[in-house]
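K.L.:
output the structure for:
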Amino acid sequence: MSGHSKWASIKHKKAAVDAKRGRLFSKLIREVTVAAKDGGGNPDTNPRLRTAIDRAKDANMPLDNIEKAIKKGTGELPGVTYESCIFEGYGPGGIAILVETLTDNKNRTTAEVRNIFSKKGGNMAGGGSVAWIFTPKGYILIDKSQISEDELFSVAVDAGAEDIKTAEKSYEVFCDQKDFESVKEALKNKGIQWEDAELTMVPNSTIKLAGTEAKQILGLVESLEEHDDVQKVYANFDIPDEILEEIAQEM
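P.N.:
Now for the predicted structure:
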């Protein structure tokens, strides 16, 4: 979506603040634990776990915390059992929203997520209402100062990238989720560092917003992201960069 790289950069900066409060670590530990539970404790054979470990390391999480989370997932250490729940809904301006959560109490989380939607001008919807609008993708955000567009295109596409979008200060690389690790590895071998790299859901269509509705939808998304059980929030808004810049200044 237009403005996606700007919003990704804002979230990346916000993550550093969240890390200081411990909120980000809590979310990352849950993801590592569930990934290990579902696919085993070996990151070489469990892509989801490998991605979760990489994100934990990027956030400077101590290795000991990561290892304990893996062991809790595999049952080597006692721990809380989390289940994955996906919620769908609409926000101001008819924006489609997909919310991924990991929770130890589905009823509590459902009620609290519904309450956030209601308070922030949105509403929950039934399963399948908006999921069809999004496609699973690998996403990598790269500062433009590191490499030329032509060179990045050659490296990334050869490794499996499907699309590269150029913004004012960054590149966005999109790929099929199965090619995510190979694209990251190719970039790493070229000495290219990324600002963000994640498995995400990309909207197939977007809705342009400005003014009050733009700020309302960002307020709803931020409130959802701040909930302890929420791992990721996806939305199909298209908001001008200048409004996103205003939000960044307020953070």
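K.L.:
around S170, how many other residues sit close by?
P.N.:
20 (other CB atoms under 10 Å). C-beta here means a position set from N, CA and C on the backbone, and glycine is covered the same way.
K.L.:
so what sits opposite it in the bridge?
P.N.:
D143 (DSSP bridges).
K.L.:
distance of the residue lying farthest from the centre of the chain relative to N46?
P.N.:
Using CA atoms, centre = their mean, the residue of the chain lying farthest from its centre is E76. It sits 28.3 Å away. Computed as CB to CB, to the nearest Å, the E76 to N46 distance reads 15 Å.
K.L.:
what sits against the residue nearest to E213 when sequence neighbours are not counted?
P.N.:
In space, and not counting its chain neighbours, E213 is closest to G93: 4.2 Å by CB to CB, 6 or more residues apart in numbering. Shown in contact with G93 (CB atoms under 8 Å, 6 or more residues apart in numbering): 207, 209, 213-214, 216-217, 237.
K.L.:
do that again at 7 Å, thanks
P.N.:
Contact analysis of G93 by CB atoms under 7 Å, 6 or more residues apart in numbering lists 207, 209, 213, 217.
K.L.:
and it, that's in a helix?
P.N.:
Yes - under DSSP: H, G, I helix; E, B strand; the rest coil, G93 sits within a helix.
K.L.:
that one and S84, how far apart?
P.N.:
28 Å.
K.L.:
tell me where the model's unsure across the stretch 1-150 of the chain.
P.N.:
1-21 (pLDDT under 70).
K.L.:
helices of the chain, residue ranges please.
P.N.:
Taking DSSP state H as the test, the helices found in the chain are 4-21, 23-39, 47-58, 63-74, 106-119, 149-159, 180-189, 211-226, 241-250.
K.L.:
show me what contacts G160?
P.N.:
175-176, 179, 182-183.
K.L.:
buried subset of those as a PyMOL selection?
P.N.:
In PyMOL, selecting the buried portion of the contacts of G160, with burial taken from 16 or more other CB atoms under 10 Å, looks like this:
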select buried, resi 175+179+183
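K.L.:
which one of the contacts of G160 sits closest to I164?
P.N.:
For these, the closest approach to I164 (CB to CB) belongs to C175, at 9.7 Å.
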